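Enquirer: coordinates for the following, if possible.
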Amino acid sequence: MGNRARGISITGVILVMAATLALPLGAAVATHLFPIGGAWGVSTLRLILASVFLILLARPTPWRWSTTAWRDVVLFGITLAGLNGFFYAAVERIPLGVAVAIEFVGPLALAVILSTSRRDLIWVGMAGLGLLVLGVESLSADVTFDWLGMLFAVLAGVSWAFYILFSARIGRQLAGLEALPVATIVAAIVLLPVGFSGMVELFLAPEIYWLALLMAVLSTVIPVSFEMAALRRIPRNAFSILLSLEPVFAALIGWVLLDQTFGVLRSLAILLIIGATIGMTVSAARLSREVVDQHQARVREQHEGEVRPE
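Expert: Numbers count the residues shown, from 1 in each chain. Prediction:
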C-alpha cells in the first residue's frame, strides 16, 4: 500500500499528481499534431487509440448489458466526445492553462447545483471572479484570447459536468471500467464526421505515429491506470483536491513546452479557480462527514433505546 502520512497514502498522492501532470503533457503533444490533422482529427484519433487500450484493459461484455445500460453508455459516449473534442478545439486556439482553468468551472458548477448549502455560492463567486480576470486579461493590449476558443473550453466544461453525471449512473449499473471502452468507441463515432478528414491526414503522415502513440499514453493510459490505482489508496475528497492542481501543471507545461507565457492576471485567475475547486471539495467532504455522523448518532440512539431496561 505504500507509506502513509496521517491516513493518506504517499504512493496514492504521487499517482494522482503523475496522472494530473500527464494529461496536460498529452495535450501539449497533441498541439504538434494540430497543423496536420486539426483539433477534431486529433481528438478522433486519440479516442480510437484510447478505445483499443481500454478494451484490452477492461475486457467489456456489452452483450450482457440491459437496454437501460446501453442507453446510458451511449449518452456517456456523447458527453465524452464533447469533453475531448471541445477541449482540443479550445487548446488549438487559447493557451493550455487557460483552457484547463475554464474547463474546471463545469464540474464546479455541477457540484454547486447539487449542493444544498448556500455557503457554496462563495465558490461560484470565486470561480466567476477568476473567469472575469481572464476576460480582463484578454481585453488588455498585450494579450488577446480567441473568444471561440474560450467558448469551446466552456463547452468542454459543460461536457465534463454531464460526463460526471452519466459516469455516476453507469457506475450503479456496470462494474469497474466496463462501460468506458464502449463509450469511447461511441465518442469516436460521434466525432468522425468532423474529424475524419483530419484523421486521414494523420494516417498519411507515418513520421508522426510516435507522437500519436505518445499522446495516447499520456492522455489515456497513464491517467486511467494511475487514477484507478490512486482511488484505492486515498479518499475521494483528497483525490479531487489533488486534481485541482491540473490548471497549474497545464500553465507550467504551456510555458515550458509551448512558450505560452503567463503574467499576474492569468496566474491570479488560475489560483481563484483552483481555490474555488478546493473549497467546494472540502465543503462537500465536510457535509458528507456531517451526514455520516448524524446517521451514526441516530443509530446509537436507537440502539440505546432498545437495550435500555424497563
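
Enquirer: ok, residue 181 touching residue 61?
Expert: No - the pair residue 181 and residue 61 fails to qualify as a contact (Cβ atoms under 8 Å) at a distance of 10.8 Å. In this view, the C-beta of every residue, glycine as well, is placed from N, C-alpha and C.

Enquirer: out of the two, which sits in the more crowded spot?
Expert: residue 181 (22 against 9; other Cβ atoms under 10 Å).

Enquirer: after the strand or helix carrying the more buried one, next one along is what?
Expert: Using DSSP states H and E, residue 181 sits in helix 179-203. For helix 179-203, the following helix or strand on the C-terminal side (DSSP H and E) is helix 209-216.

Enquirer: from the chain's centre, how far out does whichever helix or strand comes after that following helix sit?
Expert: Counting by DSSP H and E, the next helix or strand C-terminal to helix 209-216 is helix 222-231. A distance of 13 Å separates the centroid of the chain from that of helix 222-231, by Cα atoms, centre = their mean, to the nearest Å.

Enquirer: for helix 222-231, name the packing helices and strands.
Expert: The helices and strands touching helix 222-231, judged by 3 or more Cβ pairs under 8 Å, 6 or more residues apart in numbering; DSSP states H and E, are helix 10-31, helix 34-58, helix 236-243.

Enquirer: got the buried residues for whichever helix or strand comes after the shortest one?
Expert: The C-terminal neighbour of helix 236-243 among helices and strands, as given by DSSP H and E, is helix 246-258. Of the residues in helix 246-258, those buried by neighbour count under the rule 16 or more other Cβ atoms under 10 Å are 246, 247, 248, 249, 250, 251, 252, 253, 254, 258.

Enquirer: could you do stretch 43-52 as well?
Expert: Buried, per 16+ other Cβ under 10 Å, within stretch 43-52: 43, 44, 45, 46, 47, 48, 49, 50, 51.

Enquirer: and if you look at stretch 169-179?
Expert: 169, 170, 174, 178, 179.

Enquirer: quick check: closest non-adjacent residue to the second one.
Expert: Translated: residue 170. In space, and not counting its chain neighbours, residue 170 is closest to residue 179: 4.6 Å by Cβ to Cβ, 6 or more residues apart in numbering.

Enquirer: where does pLDDT dip in the stretch 1-150 of the chain?
Expert: Residues of the stretch 1-150 of the chain meeting the criterion pLDDT under 70: 1-8, 111-112, 114-121, 123-124, 127-128, 131, 134-145.

Enquirer: where does residue 235 land on pLDDT?
Expert: With respect to pLDDT, residue 235 scores 68.

Enquirer: same deal with residue 193?
Expert: With respect to pLDDT, residue 193 has a value of 94.
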